[in-house]
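# the amino acid sequence is not available; the structure is as follows:
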């Protein structure tokens with residue numbers, strides 16, 4: 001009787017080991033299929049940049065996992081900053097580079113992003129100021145140029161800068177810069193979401209981030 005009991009527990013133990021081994025093999029073969037995220041991460045990247053170009057910021061922010069806003073919707077107060085902001089928004093363009101690489105719950109997509117460079121605008125305006133000043137001094141009355149103290153009037157210097165900026169922005173193509181971005185995504189809450197790193201933020205703000 002004792003031998004039969006031992007045989008029973010031995011058979012039971014062997015069966016448990018077999019079931020455990022089969023379960024491990026089954027999980028190995030089919031677990032990756034069960035856990036595989038759905039959707040196309042590249043479509044998230046396309047939706048993000050298309051929404052950016054269209055000024056649809058809620059749709060753009062919906063593609064991000066770590067930011068609810070980037071402050072791009074807030075328009076600047078001064079006329080000069082508004083001119084640069086408008087030119088920046090109009091300059092956005094992008095090209096996907098290659099296929100989207102996916103590994104488990106993570107993905108990455110290379111993007112060539114083109115936008116107005118704020119630094120290039122500033123440099124171009126500095127180079128244009130003297131020419132613009134000479135032009136305006138030939139057109140305006142002395143009282144519109146100089147104050148009572150003999151220095152330039154604030155209104156005049158503001159006009160010089162604004163006019164130089166306006167002339168520079170008439171041809172924005174040479175003022176744009178290309179950025180090679182690697183967009184990283186994670187599958188979270190049932191959807192592919194982008195991670196906004198410093199390189200992306202810097203590109204979106206024309207290098208001002």
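Sure thing, it's come through. All figures in this text were calculated on a predicted structure; none of them were measured in a lab.

# quick check: residue 199 touching residue 181?
Yes - using C-beta atoms under 8 Å, residue 199 is in contact with residue 181, at 5.8 Å. For glycine as for every other residue, the C-beta is placed from the backbone atoms N, C-alpha and C.

# neighbour count for the two, which is higher?
For residue 199 versus residue 181, the count of surrounding residues by other C-beta atoms under 10 Å is larger for residue 181: 21 against 15.

# in a helix, that one, correct?
No - under DSSP: H, G, I helix; E, B strand; the rest coil, residue 181 falls outside any helix and is assigned strand.

# what is the neighbour count of the closest residue to it other than its chain neighbours?
Excluding the flanking residues, the one nearest residue 181 by C-beta to C-beta, 6 or more residues apart in numbering is residue 111, at 4.6 Å. By other C-beta under 10 Å, 20 other residues sit near residue 111.

# which helix or strand contains residue 111?
Here residue 111 is covered by strand 106-116, with elements defined by DSSP states H and E.

# strands paired with that strand, and their directions?
Applying DSSP bridges, strand 106-116 is found paired with strand 93-103 (antiparallel), strand 176-188 (antiparallel).

# any idea whether residue 134 is helix, strand or coil?
Assigned by three-state DSSP, the conformation of residue 134 is helix.

# residues in contact with the helix or strand harbouring residue 83?
If you go by DSSP H and E, residue 83 is part of helix 79-91. Helix 79-91 has contacts (C-beta atoms under 8 Å, 6 or more residues apart in numbering) with 55, 75-76, 114-116, 118, 121, 161-162, 165-166, 169, 172, 176, 205-206.

# mind listing what's buried in the strand holding residue 111?
Buried residues in strand 106-116, defined by neighbour count with 16 or more other C-beta atoms under 10 Å: 107, 109-111, 113-116.

# export these to a markdown table and tack on pLDDT and distance to residue 64?
Output for the buried residues of strand 106-116, formatted as a markdown table (pLDDT from 0 to 100; distance: C-beta to C-beta, whole Å):
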| residue | pLDDT | distance to residue 64 |
| --- | --- | --- |
| 107 | 97 | 14 |
| 109 | 97 | 14 |
| 110 | 98 | 18 |
| 111 | 98 | 15 |
| 113 | 98 | 15 |
| 114 | 98 | 21 |
| 115 | 97 | 18 |
| 116 | 97 | 22 |
